[in-house]
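1. The amino acid sequence is not available; the structure is as follows:
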(Lines give C-alpha, C1' and ligand atoms only; values in the text may rest on other atoms or scores of the structure.)
Protein backbone atom coordinates (compact mmCIF):
# COMPACT_ATOMS: atom_id res chain seq x y z
CA UNK A 1 0.00 0.00 0.00
CA UNK A 2 1.66 3.21 -1.07
CA UNK A 3 0.68 6.76 -1.76
CA UNK A 4 2.18 6.46 -5.21
CA UNK A 5 -0.25 3.62 -5.96
CA UNK A 6 -3.11 5.76 -4.62
CA UNK A 7 -2.12 8.57 -6.99
CA UNK A 8 -1.93 6.08 -9.85
CA UNK A 9 -5.54 5.03 -9.17
CA UNK A 10 -6.59 8.70 -9.35
CA UNK A 11 -4.85 9.05 -12.71
CA UNK A 12 -6.75 5.94 -13.91
CA UNK A 13 -10.02 7.68 -12.97
CA UNK A 14 -8.97 10.52 -15.28
CA UNK A 15 -7.94 8.11 -18.07
CA UNK A 16 -11.35 6.44 -17.84
CA UNK A 17 -13.08 9.84 -18.02
CA UNK A 18 -14.59 9.56 -14.54
CA UNK A 19 -12.87 12.85 -13.73
CA UNK A 20 -12.18 15.40 -16.43
CA UNK A 21 -9.83 17.82 -14.75
CA UNK A 22 -7.98 17.13 -11.53
CA UNK A 23 -4.80 18.03 -9.66
CA UNK A 24 -3.19 16.91 -6.44
CA UNK A 25 -3.45 19.72 -3.89
CA UNK A 26 -2.78 20.31 -0.18
CA UNK A 27 0.07 18.76 1.80
CA UNK A 28 0.84 16.03 -0.74
CA UNK A 29 1.11 18.55 -3.59
CA UNK A 30 3.42 20.65 -1.40
CA UNK A 31 5.72 17.61 -1.23
CA UNK A 32 6.59 18.21 -4.88
CA UNK A 33 8.37 21.36 -3.75
CA UNK A 34 9.29 21.16 -0.06
CA UNK A 35 10.69 18.57 2.32
CA UNK A 36 8.35 15.73 3.39
CA UNK A 37 5.93 16.47 6.22
CA UNK A 38 3.35 14.17 7.71
CA UNK A 39 -0.21 14.21 6.41
CA UNK A 40 -3.19 11.95 6.93
CA UNK A 41 -4.86 12.15 3.55
CA UNK A 42 -4.58 12.97 -0.13
CA UNK A 43 -6.54 15.96 -1.43
CA UNK A 44 -7.58 16.05 -5.07
CA UNK A 45 -8.96 19.23 -6.58
CA UNK A 46 -11.57 18.38 -9.20
CA UNK A 47 -13.59 20.50 -11.62
CA UNK A 48 -17.21 20.99 -10.61
CA UNK A 49 -18.32 19.31 -13.84
CA UNK A 50 -17.08 16.02 -12.37
CA UNK A 51 -19.61 16.17 -9.55
CA UNK A 52 -23.29 15.50 -9.78
CA UNK A 53 -25.43 18.44 -8.75
CA UNK A 54 -28.58 17.57 -6.85
CA UNK A 55 -31.62 19.78 -7.49
CA UNK A 56 -31.21 21.08 -3.91
CA UNK A 57 -27.84 22.54 -4.96
CA UNK A 58 -25.86 19.88 -3.10
CA UNK A 59 -22.82 18.61 -4.95
CA UNK A 60 -22.55 14.83 -4.96
CA UNK A 61 -19.53 12.60 -5.43
CA UNK A 62 -21.61 9.86 -7.03
CA UNK A 63 -19.91 9.65 -10.46
CA UNK A 64 -16.45 9.39 -8.86
CA UNK A 65 -17.69 6.96 -6.20
CA UNK A 66 -19.26 4.73 -8.85
CA UNK A 67 -16.06 4.61 -10.90
CA UNK A 68 -14.03 3.81 -7.78
CA UNK A 69 -16.50 1.11 -6.74
CA UNK A 70 -16.01 -0.58 -10.15
CA UNK A 71 -12.28 -0.60 -9.38
CA UNK A 72 -12.99 -2.21 -6.00
CA UNK A 73 -12.63 0.85 -3.76
CA UNK A 74 -15.79 1.15 -1.70
CA UNK A 75 -14.52 1.80 1.81
CA UNK A 76 -15.08 5.26 3.25
CA UNK A 77 -13.12 6.79 6.12
CA UNK A 78 -13.93 9.84 8.22
CA UNK A 79 -11.91 11.99 5.83
CA UNK A 80 -12.67 10.49 2.44
CA UNK A 81 -12.73 7.42 0.24
CA UNK A 82 -10.04 4.88 1.05
CA UNK A 83 -7.82 4.08 -1.94
CA UNK A 84 -4.91 1.71 -1.34
CA UNK A 85 -5.17 2.43 2.39
CA UNK A 86 -4.95 6.22 1.98
CA UNK A 87 -8.03 8.38 2.60
CA UNK A 88 -8.61 10.51 -0.50
CA UNK A 89 -10.73 13.64 -0.49
CA UNK A 90 -12.12 14.94 -3.79
CA UNK A 91 -12.63 18.68 -3.43
CA UNK A 92 -14.66 20.58 -6.02
CA UNK A 93 -13.27 23.86 -7.36
CA UNK A 94 -14.71 26.41 -4.92
CA UNK A 95 -13.20 29.73 -6.02
CA UNK A 96 -11.67 31.56 -8.96
CA UNK A 97 -8.26 30.87 -7.41
CA UNK A 98 -8.98 27.10 -7.41
CA UNK A 99 -10.17 27.31 -11.01
CA UNK A 100 -7.02 29.04 -12.26
CA UNK A 101 -4.81 26.76 -10.13
CA UNK A 102 -6.43 23.69 -11.70
CA UNK A 103 -5.96 25.00 -15.24
CA UNK A 104 -2.28 25.75 -14.61
CA UNK A 105 -1.43 22.48 -12.81
CA UNK A 106 1.72 20.71 -14.02
CA UNK A 107 2.36 17.10 -14.99
CA UNK A 108 4.75 15.20 -12.71
CA UNK A 109 6.19 11.86 -13.74
CA UNK A 110 6.29 8.92 -11.33
CA UNK A 111 8.22 5.67 -11.80
CA UNK A 112 5.13 3.57 -10.90
CA UNK A 113 5.01 -0.13 -10.06
CA UNK A 114 3.88 -1.25 -13.52
CA UNK A 115 5.70 1.48 -15.41
CA UNK A 116 5.90 5.27 -15.35
CA UNK A 117 2.81 7.45 -15.20
CA UNK A 118 2.07 11.15 -14.98
CA UNK A 119 -0.12 12.95 -12.46
CA UNK A 120 -1.19 16.57 -12.30
CA UNK A 121 -0.02 18.68 -9.36
CA UNK A 122 -0.80 22.29 -8.45
CA UNK A 123 2.00 24.79 -9.01
CA UNK A 124 3.85 26.12 -5.94
CA UNK A 125 2.54 29.69 -6.23
CA UNK A 126 -1.07 28.47 -6.14
CA UNK A 127 -0.39 26.22 -3.14
CA UNK A 128 1.11 29.17 -1.26
CA UNK A 129 -1.76 31.49 -2.28
CA UNK A 130 -4.33 28.89 -1.18
CA UNK A 131 -2.53 28.37 2.15
CA UNK A 132 -2.53 32.12 2.67
CA UNK A 133 -6.26 32.30 1.89
CA UNK A 134 -7.14 29.43 4.25
CA UNK A 135 -4.82 30.85 6.92
CA UNK A 136 -4.79 28.12 9.59
CA UNK A 137 -1.57 27.78 11.60
CA UNK A 138 -0.54 24.70 9.62
CA UNK A 139 -1.10 26.62 6.37
CA UNK A 140 1.10 29.48 7.57
CA UNK A 141 3.77 26.92 8.56
CA UNK A 142 3.57 25.53 5.02
CA UNK A 143 4.12 29.00 3.55
CA UNK A 144 7.14 29.36 5.82
CA UNK A 145 8.51 26.04 4.49
CA UNK A 146 8.08 27.16 0.85
CA UNK A 147 9.92 30.41 1.58
CA UNK A 148 12.64 28.87 3.75
CA UNK A 149 13.34 26.14 1.20
CA UNK A 150 13.22 28.64 -1.69
CA UNK A 151 10.56 26.45 -3.27
CA UNK A 152 8.33 29.12 -4.81
CA UNK A 153 8.96 31.62 -7.59
CA UNK A 154 8.32 34.95 -5.85
CA UNK A 155 7.47 36.84 -9.07
CA UNK A 156 4.84 34.24 -9.98
CA UNK A 157 3.54 34.26 -6.40
CA UNK A 158 3.18 38.05 -6.38
CA UNK A 159 1.22 37.96 -9.63
CA UNK A 160 -1.21 35.35 -8.24
CA UNK A 161 -1.64 37.21 -4.93
CA UNK A 162 -2.37 40.47 -6.77
CA UNK A 163 -4.82 38.81 -9.15
CA UNK A 164 -6.81 37.30 -6.29
CA UNK A 165 -6.70 40.26 -3.86
CA UNK A 166 -4.47 38.45 -1.41
CA UNK A 167 -1.83 41.16 -0.89
CA UNK A 168 -3.42 42.32 2.37
CA UNK A 169 -3.34 38.73 3.66
CA UNK A 170 0.29 38.49 2.51
CA UNK A 171 1.23 41.68 4.38
CA UNK A 172 -0.53 40.37 7.51
CA UNK A 173 1.41 37.10 7.17
CA UNK A 174 4.73 38.98 6.90
CA UNK A 175 3.94 40.95 10.07
CA UNK A 176 2.88 37.80 11.94
CA UNK A 177 5.96 35.89 10.78
CA UNK A 178 8.27 38.82 11.51
CA UNK A 179 9.49 38.90 7.91
CA UNK A 180 10.24 41.84 5.65
CA UNK A 181 7.95 41.96 2.62
CA UNK A 182 10.35 40.51 0.08
CA UNK A 183 7.71 40.54 -2.69
CA UNK A 184 8.33 44.32 -2.95
CA UNK B 1 21.89 33.97 37.14
CA UNK B 2 24.80 35.91 35.69
CA UNK B 3 24.00 38.22 32.80
CA UNK B 4 27.51 37.85 31.43
CA UNK B 5 27.17 34.11 30.88
CA UNK B 6 28.45 33.03 27.48
CA UNK B 7 26.23 30.85 25.27
CA UNK B 8 27.52 28.81 22.36
CA UNK B 9 27.11 30.14 18.85
CA UNK B 10 24.67 27.81 17.04
CA UNK B 11 24.67 29.64 13.69
CA UNK B 12 26.45 26.71 12.01
CA UNK B 13 23.97 24.18 13.41
CA UNK B 14 21.01 26.24 12.18
CA UNK B 15 22.62 26.67 8.75
CA UNK B 16 23.25 22.91 8.57
CA UNK B 17 19.59 22.21 9.45
CA UNK B 18 18.44 24.64 6.74
CA UNK B 19 20.74 22.91 4.25
CA UNK B 20 19.24 19.54 5.26
CA UNK B 21 15.70 20.87 4.69
CA UNK B 22 16.68 22.14 1.24
CA UNK B 23 18.38 18.82 0.37
CA UNK B 24 15.27 16.85 1.37
CA UNK B 25 13.15 19.33 -0.60
CA UNK B 26 15.22 18.56 -3.70
CA UNK B 27 14.44 14.80 -3.61
CA UNK B 28 12.11 13.53 -6.33
CA UNK B 29 8.37 13.55 -5.66
CA UNK B 30 8.34 9.72 -5.67
CA UNK B 31 11.15 9.59 -3.10
CA UNK B 32 9.27 12.02 -0.87
CA UNK B 33 6.08 9.97 -1.19
CA UNK B 34 8.02 6.91 -0.01
CA UNK B 35 9.28 8.92 3.00
CA UNK B 36 5.70 9.97 3.73
CA UNK B 37 4.52 6.33 3.59
CA UNK B 38 7.21 5.44 6.13
CA UNK B 39 6.39 8.43 8.37
CA UNK B 40 2.73 7.45 8.34
CA UNK B 41 3.59 3.85 9.23
CA UNK B 42 5.81 5.04 12.10
CA UNK B 43 3.16 7.26 13.67
CA UNK B 44 0.27 4.79 13.12
CA UNK B 45 0.40 3.45 16.73
CA UNK B 46 0.30 7.01 18.09
CA UNK B 47 -2.65 7.93 15.84
CA UNK B 48 -4.52 4.78 16.89
CA UNK B 49 -3.89 5.51 20.58
CA UNK B 50 -5.13 9.09 20.10
CA UNK B 51 -8.30 7.84 18.39
CA UNK B 52 -8.88 5.29 21.18
CA UNK B 53 -8.49 8.04 23.81
CA UNK B 54 -10.93 10.28 21.93
CA UNK B 55 -13.43 7.38 21.71
CA UNK B 56 -13.13 6.72 25.45
CA UNK B 57 -13.60 10.42 26.25
CA UNK B 58 -16.69 10.50 24.02
CA UNK B 59 -18.16 7.41 25.69
CA UNK B 60 -17.43 8.89 29.11
CA UNK B 61 -19.14 12.17 28.18
CA UNK B 62 -22.11 10.27 26.82
CA UNK B 63 -22.45 8.27 30.08
CA UNK B 64 -22.20 11.48 32.12
CA UNK B 65 -24.89 13.14 30.01
CA UNK B 66 -27.19 10.12 30.41
CA UNK B 67 -26.67 10.22 34.18
CA UNK B 68 -27.52 13.96 34.33
CA UNK B 69 -30.63 13.49 32.16
CA UNK B 70 -31.82 10.55 34.27
CA UNK B 71 -31.24 12.54 37.48
CA UNK B 72 -33.03 15.68 36.15
CA UNK B 73 -35.98 13.86 34.60
CA UNK B 74 -36.40 11.53 37.53
CA UNK B 75 -36.92 7.77 37.46
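-> Cool, the structure landed. No experiment lies behind these values; they were computed from the predicted model shown.

2. Only C-alpha atoms from now on, for both contacts and neighbour counts.
-> Fine.

3. Next to chain B, which bits of chain A? Give me the list.
-> A:2-4, A:31-40, A:110-111, A:148-150 (Cα under 8 Å from any Cα of the partner chain).

4. Next step: these restricted to helices.
-> Within the residues of chain A next to chain B, residues falling in helices by DSSP state H are A:3-4, A:148.

5. where's residue A:120 relative to chain B, distance?
-> 12 Å (Cα to the nearest Cα, to the nearest Å).

6. Just the buried positions in the helix or strand where that residue lies, please.
-> Assigned by DSSP states H and E, residue A:120 falls within strand A:117-121. Under the neighbour-count criterion of 16 or more other Cα atoms under 10 Å in any protein chain shown, strand A:117-121 has A:117, A:119-121 buried.

7. picking up where we left off before, weed out the non-buried ones from the residues of chain A next to chain B.
-> A:2-4, A:31-37, A:110, A:149.

8. For those, give me a markdown table that also has pLDDT.
-> Output for those, formatted as a markdown table (pLDDT from 0 to 100):
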| residue | pLDDT |
| --- | --- |
| A:2 | 89 |
| A:3 | 93 |
| A:4 | 94 |
| A:31 | 94 |
| A:32 | 95 |
| A:33 | 96 |
| A:34 | 95 |
| A:35 | 93 |
| A:36 | 91 |
| A:37 | 90 |
| A:110 | 91 |
| A:149 | 89 |
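
9. burial count for the closest residue to residue A:33 other than its chain neighbours?
-> Among residues not flanking residue A:33 along the chain, residue A:151 sits closest, at 5.6 Å (Cα to Cα, 6 or more residues apart in numbering or on different chains). Per other Cα atoms under 10 Å in any protein chain shown, the neighbour tally for residue A:151 reads 20.

10. and residue A:151, what does it touch?
-> A:33-34, A:124 (Cα atoms under 8 Å, 6 or more residues apart in numbering or on different chains).

11. Considering these, which is situated nearest to chain B?
-> Nearest to chain B among the contacts of residue A:151: residue A:34, at 4.3 Å, using Cα to the nearest Cα.

12. close enough to count as contact, that closest one and residue A:148?
-> No - between residue A:34 and residue A:148 there is no contact under Cα atoms under 8 Å: 9.2 Å.

13. What residues does the residue of chain A found nearest chain B make contact with?
-> Distance from chain B to each residue of chain A (Cα to the nearest Cα) is smallest for residue A:35, at 3.9 Å. Residue A:35 sits next to B:21-27, B:32 when contact means Cα under 8 Å, 6+ apart.

14. State the number of residues packed around the closest residue to it other than its chain neighbours.
-> Sequence neighbours aside, residue B:25 is the residue nearest to residue A:35 in space, at 3.9 Å (criterion: Cα to Cα, 6+ apart). Using other Cα under 10 Å, residue B:25 has 23 other residues around it.

15. Quick one: the helices in chain A, in order.
-> Counting by DSSP H, the helices of chain A are A:3-16, A:26-30, A:62-70, A:96-103, A:124-134, A:137-148, A:154-163, A:167-177.
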